[in-house]
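> Sequence first, predicted coordinates after that:
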Amino acid sequence: MKSLMLLLQEVLNELGTWCRTSTAADFKKISSRVEYEGVSFLTITLPAFASDFEKSLDIQRVAPDAFLGFKRKGGLPLLLGGFLELVFDRGTGLLLETPSIDAIFSIRQTCRMFQKLSLPCSDARNRKAIDGYLESEKRIRRNDAVLTDSEKIEFVQMTSLLWHDILKTVDRKIEGVHSDDLRDQYPMPKHGPGTTADGLLGNKKFNQLEWPERLEYIFPMGEYLIPNWRYREVLDRVNVLEPGQERPVEVLLVPKTLKTPRIIAREPTCMMYTQQALMAVLTDEISHHDTMSNFVGFDDQEPNQVLARKGSSDGSLATLDLSEASDSVSNQLVRLMMTRYPHLAEGTDATRSRKADVPGHGVKRLSKFASMGSALCFPMEAMVFATLVFLGIQDGLNRLLTHKDLMSLRGQVRIYGDDIIVPVDFVRPVVSRLETFGFLVNASKSFWTGRFRESCGKEYFGAGDVSIVRVRQFLPVQRGCVPEITSTVSLRNQLYMIGMWQSARWLDKWFADRKIPFPAVLPTSPVLGRVSSLGYDTETIHPGLHIPLVKGYVDSSRVPKSKLGDSGALLKCLLNEGDPFFDRKHLERTGRPKSADIKIRMASAI
């Protein structure tokens, strides 16, 4: 904690210099609260302060119920008062005509800097998160029961307008699995690097021995588990699971913030494997579609960020955020979406895990389509949200939406996961539609009335970038602190790149005082070094390549051993045929390193 407080003091000093205000009293007050309340003041209370501040920017005044737990003078809190007075009028609490962008950034940087510090949540908060997961199941069931026939019909009709060409193409490709070789139809399935519910790691996934019976018709074992029918004896070892025997997904809690963990679901190997096949063809079709590629994205957040900046500049666009989005998509909604596409409907149903093993509650049947962890979770939720967004716009127009209307909305609507951007004029009908179908709009992270906007990790006010840098780990105290060194190097360089040079220099000294090598390098260097506008250090020249070399920490994590032979090896090679990035030793080592490791050695500075 001492290292974090020293860093915070340095950051406050620098931000105070930017805004020509004293921060000594602010640091003293924060130190006092941290001593009394602990690290939760930095990771929970100050971020709540920032949320109230951002909502105040949105409504253009400080509400009476904002900043609870902080003493006020006039209309503003005393904490960070020097910054706040450059944004709001202390007497009235109203937003100034020309608020300081630097002050807005300073408040957000101070309050949210430690929000995502890597610390475990308390048992009580973990239990609350699990209870929320189960409550979302009840909410989905209640909403499924109250949806009217007319609402369902409207949803199906909008699906046809938006997605017909895409879903029809995917449907035909899945149908073709039974008439031709699967490899000639669409991108093949693949295994991810992580663990699965059945505990298979690395290359062991290519010798999987479980296959649900309901997968067999749409994704036959003979096409997926063996290279060709010469290896059909391998199938004799596969345990074909009837519906009651299927392995449930494993619900896990992973770190997000100290306030609440993130809930994910670890899928069985066979499910993730086939989900990847559907996901690949579905996202590929959407990404290349002339119309829908303008509205939905899966691998590039920049379009959302550009539109958020535009909305901040001219007030024309709103940014919406949903709470528990992944865990709120009803399986019934996805089935409605696939109503007219029988082969795709069968494929999505076959690859969907129907049960979850919930910590402390046993195995539960799922009403949601999928939790985060399924390969189809992200694309399906984006398609559902897009459909509801355009239903809301249709409500706002008070007439049926046409293809011409869609063309006119390019550059005004964008969905990336649960980050949604819509025209301000249609916010209320869009929010109404989302809520009617069971989704919770996060009021504290949705903006449309003022000039503050946030989407996909970027925040803006009046087109000014007020995005911040976050501390993810404690500062390293010695050379052996691998995660801390790696994270702090990234922190230092991010601070430097946004112009916080004083704080960056302080971290440079922190490394030097602990004898941690920290040479100047280019961002492309493999060395964990400091980025500088002055160039890079050179300790020697490589005798063969004639490139500058420096001594520093380099990632030395080893990919785990995972040997694969026989039919599994051939299957893997066929699945990855033509991949230019395929590791030549992929049959010997694969998967994620068991632990991070760095070593000091000479390496390129560029």
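On my side now, so go ahead. Numbers count the residues shown, from 1 in each chain.

> where does the nearest residue to residue 87 once chain neighbours are set aside fall, phi/psi-wise?
Computed as C-beta to C-beta, 6 or more residues apart in numbering, the closest residue to residue 87 that is not its neighbour in sequence is residue 99, at 4.3 Å. C-beta: built from backbone N, CA, C; applies to glycine. Note on residue 99: backbone dihedrals following degrees, to the nearest 10 are phi -70, psi 150.

> Show the pLDDT at residue 99.
Looking at residue 99, its pLDDT reads 96.

> how close does it get to residue 309?
17 Å (C-beta to C-beta, to the nearest Å).

> quick one on the thing from earlier: and the residue nearest to residue 87, how many neighbours does it have?
Residue 99: 19 surrounding residues under other C-beta atoms under 10 Å.

> mind listing what it touches?
57, 86-88, 461 (C-beta atoms under 8 Å, 6 or more residues apart in numbering).

> Counting only helices, which of those make the cut?
Residues of those located in helices (DSSP state H): residue 57.

> So what's the residue count around residue 216?
Neighbourhood size, residue 216 [other C-beta under 10 Å]: 14.

> on that earlier part again, of the contacts of residue 99, which is the most crowded?
In terms of neighbour count, residue 57 stands highest of those at 26 neighbours, by other C-beta under 10 Å.

> So that residue is in contact with residue 453, correct?
No. Between residue 57 and residue 453 there is no contact under C-beta atoms under 8 Å: 9.8 Å.

> Now the common contact residues for the two.
Joint contacts of residue 57 and residue 453 (C-beta under 8 Å, 6+ apart) are residue 461.

> What residues sit buried inside stretch 296-309?
Across stretch 296-309, burial judged by 16 or more other C-beta atoms under 10 Å covers 296-298, 301, 303-309.

> can you check stretch 49-62 too?
Buried, per 16+ other C-beta under 10 Å, within stretch 49-62: 49-58, 60-62.

> out of those, who's nearest residue 377?
residue 51 (26.3 Å; C-beta to C-beta).

> For residue 446, see how far away that closest one is.
For residue 51, the distance to residue 446 equals 12 Å [C-beta to C-beta].

> Do a quick rundown of the strands in the stretch 401-550 of the chain.
In the stretch 401-550 of the chain, the strands defined using DSSP state E, counting those that start in this stretch lie at 414-416, 419-423, 440-441, 452-455, 458-461, 464-465, 520-521, 530-531, 540-541, 548-555.

> Pick the most buried one from the ones you listed.
The highest mean neighbour count among the strands of the stretch 401-550 of the chain, using mean count of other C-beta atoms under 10 Å, belongs to strand 452-455: a mean of 28.

> Okay, now the sheet partners of that one, with direction.
Strands that pair with strand 452-455, judged by DSSP bridges, come out as strand 458-461 (antiparallel).

> The partner strand: how far from the chain's middle?
Chain-centre distance of strand 458-461: 17 Å, with C-alpha atoms, centre = their mean, to the nearest Å.

> returning to that earlier point: please identify which pair of the buried residues of stretch 296-309 lies farthest apart.
Greatest spatial distance in these: 298 and 309, 20.9 Å, computed using C-beta to C-beta.

> What is the nearest of the buried residues of stretch 49-62 to residue 135?
Nearest to residue 135 among the buried residues of stretch 49-62, counting by C-beta to C-beta, is residue 51 at 22.2 Å.

> residues contacting the closest one?
Going by C-beta under 8 Å, 6+ apart, residue 51 touches 444-445.

> Which residues does stretch 301-319 contact?
With contacts defined as C-beta under 8 Å, 6+ apart, stretch 301-319 is touched by 297, 411-412, 414, 416, 419-424, 427, 446-448, 451-465.

> Swap in 6 Å and give it another go.
Stretch 301-319 has contacts (C-beta atoms under 6 Å, 6 or more residues apart in numbering) with 297, 414, 416, 419, 421-422, 424, 427, 447-448, 451, 453-456, 458, 460, 463.

> average pLDDT across that stretch?
Confidence for stretch 301-319, expressed as mean pLDDT, is 96.

> any idea how far it is from the chain center?
Relative to its chain's centre, stretch 301-319 lies at 19 Å (C-alpha atoms, centre = their mean).

> Please put the alpha-carbon coordinates of that stretch into PDB.
The C-alpha coordinates for stretch 301-319 follow below in PDB (Å, rounded to 0.1, in the frame of the first residue of the first chain):
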ATOM      1  CA  GLN A 301     -13.200  -1.400 -31.100                       C
ATOM      2  CA  GLU A 302     -12.100   1.700 -33.000                       C
ATOM      3  CA  PRO A 303     -15.400   2.400 -34.800                       C
ATOM      4  CA  ASN A 304     -17.200   2.500 -31.500                       C
ATOM      5  CA  GLN A 305     -14.500   4.800 -30.100                       C
ATOM      6  CA  VAL A 306     -14.700   7.200 -33.100                       C
ATOM      7  CA  LEU A 307     -18.500   7.400 -32.800                       C
ATOM      8  CA  ALA A 308     -18.200   8.000 -29.000                       C
ATOM      9  CA  ARG A 309     -15.900  10.900 -29.800                       C
ATOM     10  CA  LYS A 310     -18.400  12.300 -32.300                       C
ATOM     11  CA  GLY A 311     -21.300  12.000 -29.800                       C
ATOM     12  CA  SER A 312     -19.200  13.900 -27.300                       C
ATOM     13  CA  SER A 313     -18.400  16.600 -29.800                       C
ATOM     14  CA  ASP A 314     -21.800  17.300 -31.300                       C
ATOM     15  CA  GLY A 315     -24.200  15.600 -28.900                       C
ATOM     16  CA  SER A 316     -25.800  13.600 -31.700                       C
ATOM     17  CA  LEU A 317     -24.900  10.100 -30.500                       C
ATOM     18  CA  ALA A 318     -25.500   8.300 -27.200                       C
ATOM     19  CA  THR A 319     -23.400   5.600 -25.600                       C
END
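
> now the strands for the stretch 51-200 of the chain?
If DSSP E, counting those that start in this stretch is used as the criterion, the strands of the stretch 51-200 of the chain fall at 72-73, 76-77.

> Show me the one of these that comes nearest residue 486.
With C-beta to C-beta, the closest approach to residue 486 among those belongs to strand 76-77: 35.9 Å.

> Mind listing the strands the closest one pairs with, and their directions?
With DSSP bridges as the test, strand 76-77 is paired with strand 72-73 (antiparallel).

> Can you list the helices and strands that the one helix or strand residue 336 maps to packs against?
Using DSSP states H and E, residue 336 sits within helix 331-337. Helix 331-337 sits against helix 149-175, with contacts defined as 3 or more C-beta pairs under 6 Å, 6 or more residues apart in numbering; DSSP states H and E.

> mean confidence score for the helix it packs on?
The predicted model assigns helix 149-175 a mean pLDDT of 93.

> Downstream of it, the next helix or strand is which one?
strand 210-212.

> so how far is that following strand off the chain centroid?
Distance, stretch centre to chain centre, for strand 210-212: 30 Å (C-alpha atoms, centre = their mean).

> now that strand: mean pLDDT?
93.

> and what of stretch 391-402?
The predicted model assigns stretch 391-402 a mean pLDDT of 95.

> Residues touching it, excluding its own?
Here stretch 391-402 makes contact (C-beta under 6 Å, 6+ apart) with 158, 390, 426, 429-430, 433.

> go on, stretch 109-122?
Residues from elsewhere that reach stretch 109-122 (C-beta under 6 Å, 6+ apart): 42-43, 46-47, 49-50, 255, 257-258, 261, 468, 470-473.

> again, 7 Å this time
The contact list for stretch 109-122 (C-beta atoms under 7 Å, 6 or more residues apart in numbering) reads 4, 11-12, 15, 39, 42-43, 46-47, 49-50, 80, 255, 257-258, 260-261, 468-473.

> and that stretch, C-alpha only, in PDB?
Extracted in PDB, the C-alpha atoms of stretch 109-122 (Å, rounded to 0.1, in the frame of the first residue of the first chain):
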ATOM      1  CA  GLN A 109      -7.400   9.600 -13.400                       C
ATOM      2  CA  THR A 110      -7.200  10.000  -9.600                       C
ATOM      3  CA  CYS A 111     -10.400   8.200  -8.800                       C
ATOM      4  CA  ARG A 112     -10.300   5.300 -11.200                       C
ATOM      5  CA  MET A 113      -6.500   4.700 -11.300                       C
ATOM      6  CA  PHE A 114      -6.700   1.800  -8.800                       C
ATOM      7  CA  GLN A 115     -10.200   0.500  -9.700                       C
ATOM      8  CA  LYS A 116      -8.900  -2.700 -11.400                       C
ATOM      9  CA  LEU A 117      -6.100  -3.500  -9.100                       C
ATOM     10  CA  SER A 118      -5.600  -7.200  -9.100                       C
ATOM     11  CA  LEU A 119      -6.900  -8.300  -5.700                       C
ATOM     12  CA  PRO A 120      -9.300 -11.100  -4.800                       C
ATOM     13  CA  CYS A 121     -12.800 -10.200  -3.800                       C
ATOM     14  CA  SER A 122     -14.100 -11.100  -0.400                       C
END
